[in-house]
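1. structure for the following, please:
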Amino acid sequence: MQQRSEISGDDVQTRTDVSGELRPALYLIPSAMSDGPLGAVIPPANLDIIRHIKHFVVENVRTTRRFLKRCDPSIDINALSFTVLDEHTPAADVSAMTEPLAAGEPIGVISEAGCPAVADPGADLVAVAQKKGYEVVPLVGPSSILLSLMASGFNGQSFAFLGYLPYDDRARAARFREMERRINTERQTQIFIETPYRNTRLIAELTRHFGGKMLLCVATDITGPRQSIVTRPLEWWKSHLPRIDKIPSIFLLFN
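-> Numbering: from 1, shown residues only. Take a look at the predicted model:
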């Protein structure tokens, strides 16, 4: 088992050895969540680290290639290796993805949008790396979960991210009841997402299932040019349904 020493400091120089090579570790690299200015959401230190990495484990190769070119147009994409880790990847295949680390080379993990390994398949690789004793380095970057929570005005000490709500009507109704119970008894903020083309339909559905005084925050196109983060009672949303189908959004409920 290989052990890696702790990394200190924020500058990429603290992560390189005497030869100037990036120290081998699993770097969790946040990606952009919108087409807004990259410099507004990705720190320069991240870009320096990206330039030193040749092996990437990604959720979507096409999205990642586009993101890397935005980071630095001079990056030779064809010289990089990409391994896909998504919801369809067999668990047995994940361990082999750490092979570059065993060879002393760093790996970058990039999600389709936002922070990798948070509500993201990249968490499986992080678990393997931790088990094998490799260093894991999370980098600063945008998170729709945290940014929407920060701007919602809801409880930030107790919250749950539920991912996608169940599609089955019975399971969905049961989830709504559990969400309401947690809000009322635990004062826990409930955070969830929906397939973008169903965003407006979801808001209408929430107005039917919960009391009108329940608060809903709708956060749309976070960090993008159309960003909108609005908290209102459901009775207000009932008559102000936004046209946000096909726009990435995240939803938060509280009372």
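
2. any idea how far Y134 is from S144?
-> As defined by Cβ to Cβ, to the nearest Å, S144 lies at a distance of 28 Å from Y134. Heads up, the C-betas are built off the backbone N, CA and C, glycines and all.

3. give me the more crowded residue out of the two.
-> The neighbour count for S144 versus Y134, taken as other Cβ atoms under 10 Å, is higher for S144 (24 against 21).

4. where does the more buried one land on pLDDT?
-> pLDDT, S144: 96.

5. all strands of the stretch 151-255 of the chain, in order?
-> Chain-ordered strands for the stretch 151-255 of the chain, with DSSP state E, counting those that start in this stretch as the definition, fall at 159-164, 189-193, 215-220, 228-233, 249-254.

6. mind putting those strands into TSV with mean pLDDT, mean neighbour count and distance to A204?
-> Shown next, in TSV, are the strands of the stretch 151-255 of the chain (pLDDT from 0 to 100; neighbours: other Cβ atoms under 10 Å; distance: least, Cβ to Cβ, whole Å):
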stretch	mean pLDDT	mean neighbour count	distance to A204
strand 159-164	96	15	17
strand 189-193	97	22	15
strand 215-220	98	22	11
strand 228-233	98	16	14
strand 249-254	98	23	12
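
7. just put those in CSV and tack on distance to R23.
-> CSV is the format used below for the strands of the stretch 151-255 of the chain (distance: least, Cβ to Cβ, whole Å):
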stretch, distance to R23
strand 159-164, 31
strand 189-193, 35
strand 215-220, 36
strand 228-233, 38
strand 249-254, 34
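
8. quick check: which of these is nearest to G153?
-> For G153, the closest of the strands of the stretch 151-255 of the chain is strand 228-233, at 5.4 Å, according to Cβ to Cβ.

9. and V84, backbone torsions?
-> phi -90, psi 130 (degrees, to the nearest 10).

10. show me what contacts it?
-> Taking Cβ atoms under 8 Å, 6 or more residues apart in numbering, we find V84 in contact with 57-61.
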